[in-house]
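Asker: Build me a model from this:
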Amino acid sequence: MRKLMIPAVLLLVTSLLAGACGKNNGDIAAVLDHGFPLAIGQKAIIGEEDLEIKFLEILEDSRCPAGAQCIWEGRASASVEFKDNQGNYKMVLVQSGSAQDYVQETYKNYLITYKITPYPQQNEEISKEDYRLLLTISRKD
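Answerer: Residues are numbered from 1 along each chain as shown. Down below sits the predicted model:
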């Protein structure tokens, strides 16, 4: 009887752990003035501000790949959604193809510093799962 009990307990524990992993939606806890990355579909929660930001999707990535010669520098745009105690707001963050550094936008009284990665390489396609939005949220003075 004892031999049957151990596998049953292991099966139960494994099932519980798998269920808990399935409920983890990848949300991260973020802090003002500290950078963090978001994958598509992932949300950052800034608890001290009652603010959430979710990376919804890449709308466009026409940036000129590294090593290529292009007539136009292109751009990348990411759709994000902010949620606070006043509701939800969707915004498009746009980074020009020549911008290798971070770009800034504002949302209410916040300064959003961001960069869309990875930068395209010649003859390589970027999969949806590889995109990251590198963000730093700060209060505007």
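Asker: Show me the shaky parts of the protein.
Answerer: 1-25, 99 (pLDDT under 70).
Asker: At which residues are the strands of it located?
Answerer: 28-29, 36-39, 43-46, 51-61, 75-84, 87-96, 103-107, 110-117, 132-139 (DSSP state E).
Asker: could you dump those to a markdown table with mean neighbour count and distance to N123?
Answerer: Just so you know, the C-beta spots here come from the backbone N, C-alpha and C atoms, and that holds for glycine as well. What follows is the strands of the chain, written out as a markdown table (neighbours: other CB atoms under 10 Å; distance: least, CB to CB, whole Å):
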| stretch | mean neighbour count | distance to N123 |
| --- | --- | --- |
| strand 28-29 | 11 | 33 |
| strand 36-39 | 18 | 24 |
| strand 43-46 | 18 | 33 |
| strand 51-61 | 18 | 15 |
| strand 75-84 | 19 | 18 |
| strand 87-96 | 14 | 22 |
| strand 103-107 | 13 | 26 |
| strand 110-117 | 18 | 18 |
| strand 132-139 | 18 | 21 |
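Asker: which residues sit in contact with the spatially most central residue of the chain?
Answerer: Central residue of the chain (CA atoms, centre = their mean): L38, 1.9 Å from the mean position. When contacts are counted by CB atoms under 8 Å, 6 or more residues apart in numbering, L38 is found next to I28, A44, I53, K54, F55, R132, L133, L135.
Asker: In this model S79 seems to touch the fourth one, though I could be wrong.
Answerer: No: shown here, K54 and S79 do not form a contact pair, counting by CB atoms under 8 Å, at 9.3 Å.
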